[in-house]
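Asks: Generate a structure from the sequence data that follows.
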Amino acid sequence: MLRWKCGRCNLTWIYPVNRCSHCKGPIGKDRTDKAKIIGITRVSIPSLMHPLVPYNVMLLEDEHGNRMPRKTMKDYRIGDEFVEEKAKTQGAVSIVRFKYDMDDAVEHALNLINFEVSVGQKILIKPSIIFAAYPYQAVNTNPKILESLIKFLLSRKIKPEDVTVAEQSPFGVDTGEAAAKAGILKVCSQYNVNVVDMAKKGFEERRADGAPFMVSSELAGKDVIINLPVMKTHSQWGVAGAMENIIRVADNSTQKRIHSNNPGEMLAKLNRTVKCITLGDATIGMKGSGPLIGGEPAFLNMVLASNDPVAIDRVFCEIGFFEVPEYINAAGKIGLGESDMDRIEVVGNEVDAVRYPLSPAGSDPSPHSGVRVIDGMAWSGDYVAMYGVLGRLANIQTKGVSVAIGGALDRKNLEGAKKIVALGDAAVERLKELGVKTLLGIKGSPPDMVESISLLNKVLESNGQKNVNIIDRVKSKIASRIAGMG
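Replies: Model prediction:
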């Protein structure tokens with residue numbers, strides 16, 4: 001229970017205030033983990049935000065007489081003591097739902113899993129910065145939760161120069177520009193912490209279960225790595241959270257290999273090479289057609305934390321009523337973490353008490369309403385290129401054209417597609433192997449943006465009726481060169 005309390009006259013509020021309305025004195029925070037149940041009511045009628053019934057709403061009272069309602073799926077009686085206990089297992093997941101104070105939510109979530117840092121430790125924070133989008137769109141890590149985490153570390157006497165915020169945006173996305181638009185750079189500048197684009201640093205080999213992975217050398221020498229992903233939907237992975245966010249510590253060749261061969265198992269093995277704690281950003285979160293700007297903000301108002309990346313992703317699936325993705329089960333099988341919900345300890349808010357059905361991501365990530373995208377688990381460079389190209393051509397009215405990306409294409413997911421454009425080397429080569437006729441093949445890994453726009457523009461304007469000839473290709477190459485000179 002969190003209260004705002006006047007230091008002079010001891011008046012309390014259940015919401016944040018700057019000054020005491022009675023004596024104008026300073027306000028502090030007061031949190032207690034014990035309370036007495038002085039009232040309880042049972043709810044048996046489901047609602048949009050509370051679909052699981054029956055549930056109970058308790059009225060809690062702490063030792064100072066402060067009162068607060070709380071939802072629970074458990075059965076209590078008036079007079080019982082309610083205690084919010086800390087985690088007893090290393091792989092526990094904490095869930096903290098908040099209304100006003102994100103700083104307190106972050107601190108409370110970390111305290112519940114017994115997370116501690118020591119003076120002099122070097123800390124690396126790995127946020128999710130994948131696209132140039134505003135904070136309210138929930139594409140990237142919320143800058144407010146990053147700020148709360150940095151403030152938490154500084155309050156534990158960690159020096160700003162010992163904190164590094166490091167990310168590598170997908171190929172084709174400028175990490176600095178995306179971080180600036182997301183509000184991440186402003187926070188880092190405000191607190192004088194280090195900012196690193198891992199794409200501009202070196203990579204070193206690490207191995208897991210016999211598989212080699214080239215990961216950022218920036219991870220070496222860090223005492224604590226804090227994974228700070230947005231908890232959201234993803235058209236390829238189902239959900240993106242702790243495990244998916246680690247893929248961008250690897251170099252591009254490693255990322256391509258992960259996407260091309262047993263992606264779920266390879267992602268799990270990559271996560272073996274990076275020991276970290278995860279602070280899950282569900283402050284807004286995303287539902288629908290994630291992971292980019294086609295998704296919708298979910299407004300979850302939650303913070304999750306765990307030492308187990310598999311468990312925290314599994315808990316998020318449970319919260320959103322999502323089907324459990326294959327990569328989470330694969331990670332559980334190789335022993336990376338716990339994927340069995342019945343074996344995961346949850347502290348803080350109860351899972352069933354915060355569950356809310358979120359719309360999943362579909363398999364078609366197209367930003368163009370008239371173009372179907374057939375995704376053969378394309379690596380992020382091809383995926384972002386597709387999104388950028390079709391997004392720029394979204395004003396063209398067309399129908400019947402499909403764009404294929406990635407190398408894991410098969411006849412089943414190509415079913416019904418007749419006018420196909422292969423975008424990227426992986427799709428071009430795979431469709432050639434399958435003997436599938438295409439309107440156009442645009443090579444590159446990723447394909448050139450300007451060239452792709454020029455060629456696809458002709459295809460879409462004609463609804464796939466006009467073929468691209470050698471003159472069109474030459475023109476597109478020239479346009480790309482001119483754009484590069486600019």
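
Asks: Okay, buried residues for stretch 288-299 please.
Replies: Across stretch 288-299, burial judged by 16 or more other CB atoms under 10 Å covers 288-298. Where C-beta positions appear, they are placed from N, C-alpha and C, glycine not excepted.

Asks: Quick check: of those residues, which lies closest to Lys122?
Replies: Among those, Pro291 lies closest to Lys122 (CB to CB), at 29.6 Å.

Asks: My reading is that that closest one is in a helix; is that accurate?
Replies: No. When classified by DSSP: H, G, I helix; E, B strand; the rest coil, Pro291 is found to be coil rather than part of a helix.

Asks: how about the nearest residue to it, chain neighbours excluded?
Replies: Excluding its sequence neighbours, the residue lying closest to Pro291 (CB to CB, 6 or more residues apart in numbering) is His234, at 4.6 Å.

Asks: List the residues that contact Met243.
Replies: Residues in contact with Met243 (CB atoms under 8 Å, 6 or more residues apart in numbering) are 267-268, 271, 309-310, 313, 327-328, 331.

Asks: Assumed it was part of a helix.
Replies: Yes. Counting by three-state DSSP, Met243 is part of a helix.

Asks: And it, how far from Gly370?
Replies: In this structure, Met243 and Gly370 are 34 Å apart, going by CB to CB, to the nearest Å.

Asks: Ok, Ser452 next?
Replies: Noted for Ser452: a distance of 17 Å to Gly370, by CB to CB.

Asks: neighbour-wise, which of those two wins?
Replies: Neighbour count, other CB atoms under 10 Å: between Ser452 and Gly370, Ser452 has more, with 27 against 16.

Asks: Look up which helix or strand that one falls in, please.
Replies: Counting by DSSP states H and E, the element that carries Ser452 is helix 449-461.

Asks: What residues sit buried inside that helix?
Replies: Under 16+ other CB under 10 Å, the buried positions of helix 449-461 are 449-460.

Asks: Counting by contacts, list what it packs against.
Replies: Helix 449-461 sits against helix 380-392, strand 401-405, strand 419-423, strand 440-442, helix 470-485, with contacts defined as 3 or more CB pairs under 8 Å, 6 or more residues apart in numbering; DSSP states H and E.

Asks: ok, the shortest one: who's next to it in the sheet?
Replies: In other words, strand 440-442. strand 419-423 (parallel) (DSSP bridges).

Asks: buried set for the helix or strand following the strand it pairs with?
Replies: Helices and strands here follow DSSP H and E; after strand 419-423, the next one along the chain is helix 425-434. Using 16+ other CB under 10 Å as the test for burial, helix 425-434 gives 425-428, 430-431.

Asks: just curious, which of those is nearest to Val193?
Replies: Ala426 (37.3 Å).

Asks: Before we move on, what's the pLDDT of the nearest residue to the closest one once chain neighbours are set aside?
Replies: Leaving aside its chain neighbours, Ala426 sits nearest to Gly407 (3.6 Å; criterion: CB to CB, 6+ apart). We have a pLDDT of 96 for Gly407.

Asks: Quick one: residues contacting Gly407.
Replies: By CB under 8 Å, 6+ apart, the contact set of Gly407 is 259-260, 376-378, 426-427, 429-430.

Asks: Leu279 too?
Replies: Shown in contact with Leu279 (CB under 8 Å, 6+ apart): 106, 109-110, 145, 149, 226-228, 303-305.

Asks: My reading is that it lies in a strand. Confirm?
Replies: Yes. Under three-state DSSP, Leu279 sits within a strand.

Asks: Tell me what it is bridged to.
Replies: Bridge pairing for Leu279 - DSSP bridges - gives Ala305.

Asks: how close does it sit to Asp313?
Replies: Distance, Leu279 to Asp313, using CB to CB: 13 Å.

Asks: could the helices and strands packed on helix 449-461 be laid out in a markdown table, adding distance to Ile40?
Replies: Below are the helices and strands packed on helix 449-461 laid out as a markdown table (distance: least, CB to CB, whole Å):
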| stretch | distance to Ile40 |
| --- | --- |
| helix 380-392 | 49 |
| strand 401-405 | 54 |
| strand 419-423 | 58 |
| strand 440-442 | 63 |
| helix 470-485 | 66 |
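
Asks: Please produce CSV containing those, extended by mean neighbour count and distance to Arg97.
Replies: Output for the helices and strands packed on helix 449-461, formatted as CSV (neighbours: other CB atoms under 10 Å; distance: least, CB to CB, whole Å):
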stretch, mean neighbour count, distance to Arg97
helix 380-392, 23, 31
strand 401-405, 26, 38
strand 419-423, 25, 41
strand 440-442, 23, 46
helix 470-485, 13, 47
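
Asks: Least confident of the ones you listed, on average?
Replies: Among these, helix 470-485 scores lowest, with a mean of 68.

Asks: now the residue nearest to Ala426: how far from Leu146?
Replies: From Gly407 to Leu146 the distance is 35 Å (CB to CB).

Asks: and what of Asp209?
Replies: From Asp209 to Leu146 the distance is 32 Å (CB to CB).

Asks: So what's the residue count around Val83?
Replies: Using other CB under 10 Å: Val83 sits among 9 other residues.

Asks: One more: Asn463?
Replies: Neighbour number of Asn463 under other CB under 10 Å is 15.
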